[in-house]
Structure formats: C-alpha cells, structure tokens
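S.K.: the sequence isn't on hand, but the structure is:
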Ligand code: SF4
C-alpha cells in the first residue's frame with residue numbers, strides 16, 4: 001500500500017528554496033539568483049536586504065512591554 005502525501009504548491013516552493021539554501025530563511029530571502037524560476041515566488045522575500053543582526057530580541061521584548069502600558073495596569077490595580 002502506498003502512502004499518499006499531499007502538499008500545496010506554496011509548501012513545495014518553500015521547502016525547495018529552504019533546501020536549496022541550507023534551511024537558512026535569510027539566505028532564501030536574500031537569494032541573488034534572479035534567473036531561477038522560483039525567484040519571484042521564493043519565501044521570506046521580506047527579509048531581502050536584512051540579516052539576523054537587524055532583529056534584536058531585547059528591543060522586541062521592550063516594545064511589547066511598552067505596548068502593554070504596565071503603569072496603566074498597575075494604576076488600575078491600585
Ligand atoms: S529562488 Fe533561490 S533559493 Fe529558491 S530555488 Fe531558486 S536559487 Fe534556490
């Protein structure tokens with residue numbers, strides 16, 4: 001009996017590109033091989049021009065804390 005797997009075209013492209021670039025999402029997003037037929041639809045295109053150093057987890061945490069406005073919550077709790 002043969003096991004059937006069903007994936008979407010999107011999932012196939014994502015997986016193909018990630019395998020092509022060693023499962024590095026930044027490498028996929030920054031892929032420079034424009035002649036590749038998958039280039040216009042590769043995943044992580046929003047990462048083009050960015051590196052992991054462009055993202056600071058500490059800043060992200062502080063942004064979330066600022067958005068929560070903990071002072072307001074503490075005032076409400078009295
Ligand atoms: S678009 Fe880039 S990452 Fe995707 S398959 Fe083509 S060469 Fe590889």
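M.R.: Right, received. Where do you want to start? Since we're looking at a predicted model, the values are computed, not measured.
S.K.: so how far is the ligand from residue 8?
M.R.: Distance of residue 8 to the ligand, computed by Cβ to the nearest ligand atom, to the nearest Å: 16 Å. The C-beta positions use only the backbone N, C-alpha and C, and glycine is treated the same way.
S.K.: tell me the confidence at that residue?
M.R.: You'll see residue 8 listed with a pLDDT of 94.
S.K.: ok, now the one 10 residues further on?
M.R.: Per-residue pLDDT puts residue 18 at 96.
S.K.: distance check, it against the ligand.
M.R.: Counting by Cβ to the nearest ligand atom, the gap from residue 18 to the ligand is 8 Å.
S.K.: before we move on, what about residue 15?
M.R.: Distance of residue 15 to the ligand, given as Cβ to the nearest ligand atom: 10 Å.
S.K.: what's the burial count for that residue?
M.R.: By other Cβ atoms under 10 Å, the residues close to residue 15 number 13.
S.K.: what's the helix or strand for it?
M.R.: helix 9-20 (DSSP states H and E).
S.K.: quick one: buried residues of that helix?
M.R.: For helix 9-20, the neighbour count (16 or more other Cβ atoms under 10 Å) marks 14, 17-18, 20 as buried.
S.K.: do stretch 45-52 as well
M.R.: Buried residues in stretch 45-52, counted by 16+ other Cβ under 10 Å: residue 47.
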